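Chemist: Got a predicted structure here, sequence first:
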Amino acid sequence: MNKLKMIIPLVLSVSCSLNSDYFPLLVETPQRVINSFKPYSPGDDYIKEQQTSFITVELGQQNATLVLESIESDIFTWIGQDNVALKTYKGFIINTVGLEHNFEIMNPIFSIDRMLMNNNNTLFYNFDSPRLYELPVSLDYIHQSINMIKLELVSEDINWDLKINVDYGSTGLPSSSVQSLHPFTKPAILHFYYKY
């Protein structure tokens, strides 16, 4: 308690003695910190200037832009700085590389298509950190329409509930996606921007 009584007058005396030119920095700093946590959205000029299709990714408090490297068998490979790569299929993230905790869905095209047709209710995940192979993740809820797919899945082996929401644009391509990637990370939020 005595330390607190000493610190408060010290802070007040220092702040009062500061030159008025520096005082706005103290006031603006919290707002700048708050602004850094806002969702990332590129401006119209940025979108128009891009030569290739790209996605924006929000993962927790990190934002990134990844560009389309290739499309093979309807799997889109998106690459960014520091060797980060995501692969998507129908807007589902099926593989990550370069993140702190990476994963892949085994046999993704077959598995996702069967799940969406309600013929199979299980996906199998591989994780790199910690290493975990062929983790079964079972379908708990599905809702589909022309414009969206919403899945809720559960892995009872590690008590992990995950959600996947994909919205589709008028062209049938994904426009946005929110997906749980790993039990140790927050969901990823993707926005897709296409250049034809």
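Modeler: Nice, I can see it.
Chemist: what packs against the helix or strand where residue 64 lies?
Modeler: In the assignment (DSSP states H and E), residue 64 maps to strand 62-72. Helices and strands touching strand 62-72, by 3 or more Cβ pairs under 8 Å, 6 or more residues apart in numbering; DSSP states H and E, are strand 54-59, strand 75-79, strand 85-89. From N, CA and C alone the C-beta is placed, and that goes for glycine too.
Chemist: make it 10 Å
Modeler: Strand 62-72 sits against strand 54-59, strand 75-79, strand 85-89, strand 188-193, with contacts defined as 3 or more Cβ pairs under 10 Å, 6 or more residues apart in numbering; DSSP states H and E.
Chemist: angle of the last one against strand 54-59?
Modeler: Looking back up the chat, that one is strand 188-193. 170 degrees (axes from the mean of the first three to the mean of the last three Cα atoms, to 10 degrees).
Chemist: again with the third one
Modeler: Using the same axes, to 10 degrees, the inter-axis angle of strand 85-89 relative to strand 54-59 is 110 degrees.
Chemist: shaky segments in this protein?
Modeler: Counting by pLDDT under 70, the ranges of the chain that qualify are 1-40.
Chemist: Outline the domain layout of it.
Modeler: Listed by automatic domain parsing, the domain ranges of the chain are 2-35, 44-193.
Chemist: Distance from the chain centre to the longest one, please.
Modeler: Just to be clear, that refers to domain 44-193. 9 Å (Cα atoms, centre = their mean, to the nearest Å).
Chemist: Now do it: distance from first to last residue.
Modeler: 11 Å (Cα to Cα, to the nearest Å).
Chemist: re the thing from before, single out the most deeply packed of the domains of the chain.
Modeler: Counting by mean count of other Cβ atoms under 10 Å, domain 44-193 has the highest mean neighbour count of the domains of the chain, with a mean of 16.
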